[in-house]
Structures are given as structure tokens and as C-alpha cells.
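**Student:** Please work out how this folds:
(one chain, ligands or ions: 3)
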Amino acid sequence: MKVLDNQQMRLLDRITTKEYKIPGLILMENAGMNTTVEVMKALNEDYRKKVIIICGTGNNGGDGFAVARHLYNKDVQVKVYIVGDEKSIQNDAKVNFEAIQAMRVSIGVLKDENDMIDFNLDLMKSDIVVDAIFGTGLNKPVKGIANEVIGVVNKVKRKIISVDIPSGISGDTGKVLGSAIRATKTVAYQLPKIGNLTAPAIEYNGELLICPIGIPQEAISKSQYEAKLITEKTLKDILPIRGLNSHKGNYGRALMIAGSRGMTGAAILASKAALRSGVGMLHLAIPEELNDILETQLTEVMTVPFQVPKGNAKEFTGVEDIMGSLQRSNVVALGPGLGRSKETEVIVERVLREAKCPVILDADALNVLPKMLKLLKKVKSRCILTPHPGEMAKLTGLSIPEINENRIKVAKDFSRKYGVIVVLKGASTVITDEEGHVYLNTTGNPGMATAGSGDVLTGIITALVGQKINLIGAAMAGVYIHGRSGDEAAKITGEYGMIASDMVREVPRIITEIVNKKKAFD
Ligand SMILES: NC(=O)C1=CN([C@@H]2O[C@H](COP(=O)(O)OP(=O)(O)OC[C@H]3O[C@@H](n4cnc5c(N)ncnc54)[C@H](OP(=O)(O)O)[C@@H]3O)[C@@H](O)[C@H]2O)[C@@H](O)CC1
Ligand SMILES: Nc1ncnc2c1ncn2[C@@H]1O[C@H](COP(=O)(O)OP(=O)(O)O)[C@@H](O)[C@H]1O
Ligand SMILES: [K+]
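**Tutor:** Ligands and ions are numbered 1, 2, ... in the order given. Presented below is the predicted three-dimensional model:
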């Protein structure tokens, strides 16, 4: 599914009205009708309940007036409040405004402090609030009376249904512009906006519902978009069905360089996740002193023990053992639990210079990467980087808040600048490629914020690349499966008690489920 920014949504609206001759008023009517259905569900047929509809002076407010008209016709107790000057209401919104005036729906206007008294009283008596203050037209920080209204609405803890996007959220970035409504449910029209899906705004949507409003499919298929959502359907096109006559050689020979004293768990998690995601053969390069413990823990993995010098990193001859194994691999992943030592620097540098196969860089490989960023451009094959915002901050020199306020742009810029695929982790993981494509993940939950969770992701992506899935497909499928494994694990343990191994356990079942659906479809 496409995800649009404000301008792209406006363009799609315009194409619908101009080229497909569907008047904006019809779109607004569909939007109003669909939102009314959601309000009716929230009312649960209890006609004693009161609904307040807060409308801005733009088309988002127009949708709100249409909702008011339909609810009023159904004998629901409705009160409309307009934030701003009603004289500035125009076009389609004005048609709906004049209709509710003619129908004598109760309307109040909020222009200054004095108007807040009645509003507050009505708000206290209300059961449901419909938020139609700002939609995709929000273009500056919310101030004055609108800011005050948002503040009090958030405090009264009513059911809040936001029209298109919670008012105050930037549809372009998901950033809170001053203040924003914290909705219980958001009814987004036709396609989600970036702001509906990216952090930090995902906290504000409540339940997100995408409702059609009558924009023609042809117009949507031709429309420009900022990002695409990764869904189960995306994966059906990515994950191959295994040939009956296939053998382990068909599914890759992956090299994982992970783990160090005190961080063997990272190597174990990444390795198990890779095996559980179907890689044919997995070699794990680890310091020799850890070989016994890892061989005991990882029955199916072949270890590549390497010597770590006691003193001078220049005497790190063990790196040649790793490079030898690299020559025979069709994917290499490095970083989980590797430590931030001089040896790690040597390993990362040598891999970037010598690898002929795709390279996946995570954790400590990313931590030492700022010293040798330019090498990324020299890699013979392609790279996937899987930073969390902290690692991204080191890679870019930006602060973590700067990254989180503009996740898509930051990832996109880095991908373009260095010619790599970026998987910027966190709630709603963003994936970007060298050509500026953006993909947003829909799976996962806060239970995944637990040590080792990222190592599992690295393992899954490594296995998929090993199985010769193209890199961007592997990154997309990897984050989706990883998030679903978190969602499935949370159903059993809950978010508090979930640990990374619980996620590994769920991976095979999720992959099988998707591939089986694909088989049934084929
Ligand atoms: N055919 C269509 O297009 C369809 C569109 N649809 C709906 O329209 C919505 C988009 O409508 P929109 O473009 O009219 O913008 P909207 O979000 O209502 O806000 C604009 C108003 O807010 C004002 N304003 C902005 N920022 C402000 C601030 N910080 N503080 C104070 N004021 C501020 C701005 O003022 P101005 O910039 O003019 O000064 C203007 O008055 C979309 O989300 C969907 O719900 C559906 O009906 C389907 C058909
Ligand atoms: N709130 C959340 N919602 C969805 N996914 C999350 C959330 N918090 C963390 N995750 C996911 O969990 C993983 C954590 O990775 P990372 O921060 O590298 O952890 P670690 O280094 O401990 O393994 C990432 O894939 C991230 O997207
Ligand atoms: K809104």
C-alpha cells in the first residue's frame, strides 16, 4: 500500500476532481459517511451519549460538518464547535457548514478565551469527541486557541475519533507541530499519510483505520508516493517456494562475524535466527577462546575460530581465517556482540575492502564504521546497514531527537549519500535504498525493546540474502518477519516478559504461514 505525504495527497485529490470529474464534495461525503459509521460503533446504539465535533475552517473541518449532518439525521445528540473564524470557511466545507446551519445543528465558535467556558462544560458532558480541526493542510505549529482546545480535549479522556490524521500531527513527517490530539481511533482517508505511520505520531493515532473515499484505483496506481507499507502481501512476492529437488547449496553459505567475551548471546541469537530463517549453511566466526561454548550451544553452526592477539592489534593474524571463510560465502553479516575493539575495526575494514558478496552491518560494526565511512562507497557488492537511532546518530553526527523527528529523510539521505540500504530500526522501522525508495514496516511492538532483539533481525536478514532474495526484498521481509515474531511472542508472554529467544522461536511458523498461503494462491 502506498503512503503519501501532504502534497501528494492534495495532488491525488486534485487529479480525482479534475481528470476523473469526481467532485470534491462527493469525496467529502464519502469521508463523512465512513467516519459516521465509526462514531456510531463508538456510540454502541446508546442515544443518550453526546458527541462533540470540533471543526477547523479547512476541508478537514468540512468532513467534520458532514459527520455532524449524518449523526444529527440519526438523532444523535451532536454539538459542533468551530475553531477559528467561520467567515473563512470556503468551498466544499462551506456547503456542509451551510447545510448544518440550515438543519439547525447546534454550533458554537471558539475564537478566544471567553469561548472556552461553554466549550469546557460541553466537553465534560460529552462521551465522544470527533477531531476535525486540522488534516493534511496543517502547515505551521499549532498556537493560540487551537492549542488550548487540543490541550483540554487530551485531558478529559473521552473517546476521540480523529478525522484523517490527529490534529497537530504533520502528515509529512509524523512530527507533533506544537501540540496534537491523542486519538482513540483515526479514520485516515483512502491512503495513510506518512504522519499516520511514522514515529512519534503512531502514539497519537490510536487504532488506525484506512477508509476509501471514492478516489479511482487508476488514479491511485499512477499517483506519486513517499513510501510503501510492508504487508504480508509484500512478502508473498518476496519469499520463494522451495523446489522439491533443492539442496542446502541452494540456500546459501552465510558467514556471521559476531560475539566476543561477555557477548556470546548476540552471536547465538543471530545464528539461531539465521538457521530458523532457512539458510543452507552458517559459519560463525568467533574468538578462539569462545569456540567450545559456542559449539556446545549451536549444534548446526560451523564455527570459524580466530586468534585474538593479547597486545598489539597489528598482530591480528586471526583475521586471515575470517577472510578465508569470507571468500567462500555468499553473504556476510558482522557486528552483533563483536565489541568495539581494534580487532573489530580491522575486521570491518577488511570485510568492506574484500567482500565480493553482500555485506550486512549491525551493532558494533556500525559503532566503528564512522572512522571508515568512505569505504562504504568502495564495497564491491551491496550493503545493508541496520542501525537503531543511537547508531544512526554516530553515523550521521545528528542527535537522536533530530533523527527521530525525521526518520525517513535521515535514512533516505544516508542511503543516497553512501549507496547502501538502510534499515533504521525502532517503532515503525524505515527501510531506504540507494534510489530513494522508502518502505515502512507495520509489525512489531514495544515488547521487542529488549536486549538481543536486533541480533535476531540481523540473523533473519542474513539468511534471506543467503537464499538469494534480492537485498531490498530481504530487508523488507526481514523486518516484517522479525516484527511478526515479536507480535506472536507477545501473545504468549506479554510485552513485559518477552525475550529475544522467544522471537526466534516464532520465526519458522511465520515464514511457513506466509509461504503456505502463497502455495495455496499459486
Ligand atoms: N478534495 C479534497 O481535498 C478532500 C480533502 N479532504 C479533507 O481535507 C483535509 C485537508 O484539508 P485542507 O487542505 O483544507 O486543510 P486542513 O487540514 O483542513 O487545514 C487547513 C486550515 O487550517 C489552517 N491552518 C493550518 N495550520 C494551522 C495552524 N497551525 N494554526 C491555525 N490554523 C492553521 C489553514 O489556514 P491557512 O493556512 O489558510 O492560514 C486552513 O484554514 C484532509 O485532511 C481531509 O480531511 C476530504 O474531505 C476528502 C476530499
Ligand atoms: N516499540 C517498538 N515497536 C516495534 N519494534 C520495536 C520497538 N522497540 C524496538 N523494536 C525493534 O526491536 C529491535 C531492537 O533492536 P536493537 O535496538 O538493535 O536491540 P539490541 O541491540 O538489544 O539487539 C529493532 O528491530 C526494533 O525495530
Ligand atoms: K484531524
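**Student:** Hmm, V348 is touching P370, no?
**Tutor:** No: using C-beta atoms under 8 Å, V348 is not in contact with P370; the gap is 10.9 Å. Where you see a C-beta, it was placed from the backbone N, CA and C, and this is true even at glycine.
**Student:** Comparing the two, which residue is more hemmed in?
**Tutor:** Higher neighbour count among V348 and P370: V348, with 25 against 12, using other C-beta atoms under 10 Å.
**Student:** The more buried one - that's part of a strand, no?
**Tutor:** No: counting by DSSP: H, G, I helix; E, B strand; the rest coil, V348 falls outside a strand, being helix.
**Student:** how near is it to L361?
**Tutor:** 7 Å (C-beta to C-beta, to the nearest Å).
**Student:** Could you list the low-pLDDT ranges of the chain?
**Tutor:** Counting by pLDDT under 70, the chain shows low-confidence ranges at 313, 522.
**Student:** Geometric centre of it: which residue is closest?
**Tutor:** Centroid check for the chain by C-alpha atoms, centre = their mean gives S428 as the closest residue, at 2.1 Å.
**Student:** what about the residue of the stretch 151-300 of the chain found nearest ligand 1, how many neighbours?
**Tutor:** Residue nearest to ligand 1 within the stretch 151-300 of the chain (C-beta to the nearest ligand atom): D164, separated by 3.6 Å. The number of residues packed around D164, counting by other C-beta under 10 Å, is 30.
**Student:** Need phi/psi at it.
**Tutor:** Backbone torsions of D164, given as degrees, to the nearest 10, read phi 70, psi -50.
**Student:** show me what contacts S485?
**Tutor:** Listed by C-beta atoms under 8 Å, 6 or more residues apart in numbering, the contact set of S485 reads V456, M503, V504, R505, E506, V507, I510.
**Student:** Am I right that it falls within a helix?
**Tutor:** Yes: using three-state DSSP, the assignment for S485 is a helix.
**Student:** gap between it and ligand 2?
**Tutor:** 10 Å (C-beta to the nearest ligand atom, to the nearest Å).
**Student:** Which of the three states applies to the residue nearest to the centre of the chain?
**Tutor:** Taking three-state DSSP, the label given to S428 is coil.
**Student:** hmm, back to that, which of the contacts of S485 count as buried?
**Tutor:** Buried subset of the contacts of S485 (neighbour count, 16 or more other C-beta atoms under 10 Å): V456, M503, V504, E506, V507, I510.
**Student:** Would you format these as CSV with secondary structure included?
**Tutor:** Shown next, in CSV, are the buried ones among the contacts of S485 (three-state DSSP):
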residue, secondary structure
V456, helix
M503, helix
V504, helix
E506, helix
V507, helix
I510, helix
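**Student:** out of those, who's near ligand 2?
**Tutor:** Among these, no residue lies close to ligand 2 (C-beta under 6 Å from any ligand atom).
**Student:** Just give the nearest non-adjacent residue to the residue in the stretch 151-300 of the chain positioned nearest to ligand 2, would you?
**Tutor:** In the stretch 151-300 of the chain, no residue comes nearer to ligand 2 than A266, which is 7.2 Å away by C-beta to the nearest ligand atom. Nearest residue to A266, sequence neighbours excluded (C-beta to C-beta, 6 or more residues apart in numbering): G337, at 2.7 Å.
**Student:** Run through the helices of the stretch 301-450 of the chain in chain order.
**Tutor:** For the stretch 301-450 of the chain, helices defined by DSSP state H, counting those that start in this stretch occupy the ranges 319-327, 342-354, 363-368, 389-396, 400-405, 407-418.
**Student:** Show me what the first one is packed up against.
**Tutor:** What that stands for is helix 319-327. strand 253-257, strand 281-287, strand 302-306, helix 342-354 (3 or more C-beta pairs under 8 Å, 6 or more residues apart in numbering; DSSP states H and E).
**Student:** Tell me which of these is the most buried.
**Tutor:** Sort the helices and strands packed on helix 319-327 by mean neighbour count, taking mean count of other C-beta atoms under 10 Å, and strand 253-257 sits at the top with a mean of 27.
**Student:** Could you list every helix and strand that it packs against?
**Tutor:** helix 264-276, strand 281-287, helix 319-327, strand 331-334, helix 453-466.
**Student:** how far off helix 453-466 does it point, in degrees?
**Tutor:** For strand 253-257 against helix 453-466, the angle between stretch directions is 150 degrees (axes from the mean of the first three to the mean of the last three C-alpha atoms, to 10 degrees).
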